[in-house]
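**Student:** sharing a model prediction with you, sequence too.
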Amino acid sequence: MKIICLGFQKLGTVTAVIILLITLTHGAWAEPITTIRNNGDSANRVDLVVLGDGYAVNEIAKYESDVESFVRGLFAQEPFTEYQRYFNVHRVDLISNQPGADHPERNPPVFRDTALDATYNCAGIQRLICVNIAKVNDVLSRSVPADQREVVLVLVNDNEYGGSGGAIAVASINSAVVELVLHELGHSFGLLADEYTDSPPSCNNIVEPPEPNVTKETSRSLIKWNFGGGSPTGWIELSTPVPTNSITPGVPGLYQGAKYCPAGLYRPTFNSKMRSLDVPFEQINSEQLVKRIYNWASPIDSSEPSESIVNLVSGQIQIFDVTLPQPLNHSLDVTWKVNGDTAATTEQFIFSASSVGSHTVEVFVTDPTVLVRNDAGGVLKQSRRWDIIVESARKLVAIDIRPKSDANKINLKSAQSINVAVFSINGFDAMAVDPNSVRFGAKGTEAVPIHVGRRDVDGDGTRDLVVRFRIQDLGIRCGDTSATLSGQTFTSLAIIGSSPIRTVQCKPSAPQPEENRSVSLGKQ
């Protein structure tokens, strides 16, 4: 059995070991895995993986029950209660040859053949349970995807109180061990420091600690958990003296003694779970844990449409929506803005393309939780932006190039002009077209009219619009097979029409892009 321990930390009468995470190894098979809490895509959730050790083949039902009891205990305390829906929980069913764990401290010693080599009395500390980290990592590598195991716990089938912390938490099934695991999660998950003064480890009050819950600063405005000098962004009220001598629970201040130092370092509350078991995390530590949750789970699960550029035609509508993770007792704030102006505060927003041009739609999602006062990193906020391009609605019109000529031939070397007729047909009056807006060519944007006439081209008794263009202005290339006319009516209704062409007196140099090929709208 190979166990590497780097050191230990004392927590009251309980000692926890920091365990070295050994490089993953790979096995040939995978253990069964069951997701017992599925709150969303693992890409935007914190994934907790529980492995059992010391459970024989006939104890799987007991293992399932033990895991469920432990998970309930874990999510029974804040801030994990409020944010339990931000977690997925996966149970790995690992079978041991014998039940229980090693107890080398007993007389006679007790040894069990278990899958992960769980043993009490690790490093000579009776309540400290260590496991074979290489074997744990081997199970994880073959059974659980790397992006689905942010937090790993080994649950040991032994009723005696014990456990350990570090990269992989270990706990016996004694109900009181949930407290120890929560404390250790404060370290490994929350990046919090111990707030008790016992040592070892040795005290170092010379430099400012990196953890957010310990400081050597005594100036009110420089204390980490008192950003801005006090409420609303900081936690220390102006009426609270600094340093603080109160023994009242849950009063943020500056309390001397933290991180193994009786003096020279300060903690944020008189007591907390980072100092003693069976008490709350308290405000500053809860704030840090919430922010750490948001390092894995963003405020937006998904948003639609997925494309960031949306093209619409005037009069269309477009539905925008966001899907959000849901805290237990409060909701995330949603604000939609159109061109910078607030438009809605619901998870779904309907944009109406009433104005031609470019627009922006933005959604801003924020967690307004009272558990966080200072979100300097902005992890409780997320936004998404779409660029909207609204074009005029286009009326398809029937056109004819070189009216009364079946060939629609265009001699690209000609210096002459060409007529294009816009027909009054199917309820459309070509006399409503503004001639100054009309363009014609390869894409319908090139040539401007050099002459405009109005006459009945097709003999149906209604006047048609006949527009003349210079051939050299059309932008048509040899081999093009269609040309397009665009424009708008006097009431700003956009029109567009295309017709087949055949270029003559030229030799195509290369196949033409598909975008230049279109179907004739023709006269019906």
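**Tutor:** Ah, there it is. Residues are numbered from 1 along each chain as shown.

**Student:** doesn't residue 502 make contact with residue 407?
**Tutor:** Yes. If you go by C-beta atoms under 8 Å, residue 407 and residue 502 touch, sitting 6.4 Å apart. Yep, even glycine has a C-beta here, placed from its N, CA and C like the rest.

**Student:** okay, and the common contacts of the two?
**Tutor:** Listed contacts common to residue 407 and residue 502 are nil; contacts here mean C-beta atoms under 8 Å, 6 or more residues apart in numbering.

**Student:** so where's this structure uncertain?
**Tutor:** 1-29, 406, 509-524 (pLDDT under 70).

**Student:** go ahead and flag the most central residue of it.
**Tutor:** residue 298 (4.2 Å; C-alpha atoms, centre = their mean).

**Student:** quick check, it in a strand?
**Tutor:** No. Applying DSSP: H, G, I helix; E, B strand; the rest coil, one finds residue 298 to be coil, outside a strand.

**Student:** any idea how far it is from residue 306?
**Tutor:** Distance, residue 298 to residue 306, by C-beta to C-beta, to the nearest Å: 16 Å.

**Student:** in stretch 212-222, what counts as buried?
**Tutor:** The neighbour-count check on stretch 212-222 (16 or more other C-beta atoms under 10 Å) flags 212-216, 220 as buried.

**Student:** same deal with stretch 463-470?
**Tutor:** 463-469.

**Student:** got it, and stretch 329-340?
**Tutor:** Buried residues in stretch 329-340, defined by neighbour count with 16+ other C-beta under 10 Å: 332, 334-338.

**Student:** kindly report the same for stretch 204-212.
**Tutor:** 205, 209, 211-212.

**Student:** now do the helices in the chain.
**Tutor:** 60-74, 133-143, 177-188, 283-296 (DSSP state H).

**Student:** which elements pack onto the third one?
**Tutor:** Secondary-structure packing of helix 177-188 (3 or more C-beta pairs under 8 Å, 6 or more residues apart in numbering; DSSP states H and E): strand 14-19, helix 60-74, strand 151-156, strand 163-164, strand 169-172.

**Student:** again, only using 6 Å
**Tutor:** Using 3 or more C-beta pairs under 6 Å, 6 or more residues apart in numbering; DSSP states H and E, the elements in contact with helix 177-188 are strand 169-172.

**Student:** quick revisit: of the buried residues of stretch 212-222, which is the nearest to residue 96?
**Tutor:** residue 213 (37.9 Å; C-beta to C-beta).

**Student:** not counting sequence-adjacent ones, nearest residue to the residue nearest to the centre of the chain?
**Tutor:** Nearest residue to residue 298, sequence neighbours excluded (C-beta to C-beta, 6 or more residues apart in numbering): residue 382, at 5.2 Å.

**Student:** surely that neighbour and residue 365 touch.
**Tutor:** Yes. At 5.2 Å, residue 382 counts as touching residue 365 under the criterion of C-beta atoms under 6 Å.

**Student:** which one's more surrounded, these two?
**Tutor:** Neighbour count, other C-beta atoms under 10 Å: between residue 382 and residue 365, residue 365 has more, with 22 against 19.

**Student:** and the nearest residue to residue 31 once chain neighbours are set aside, how many neighbours?
**Tutor:** Using C-beta to C-beta, 6+ apart and skipping the chain neighbours, the partner closest in space to residue 31 is residue 143 (4.8 Å). By other C-beta under 10 Å, the residues close to residue 143 number 20.

**Student:** correct me, but residue 143 touches residue 33?
**Tutor:** Yes. Applying C-beta under 6 Å as the test, residue 143 and residue 33 come out as touching, 5.4 Å apart.

**Student:** please enumerate the shared neighbours of those two.
**Tutor:** Taking C-beta atoms under 6 Å, 6 or more residues apart in numbering as the criterion, residue 143 and residue 33 both touch residue 92.

**Student:** alright, that wraps it up for me.
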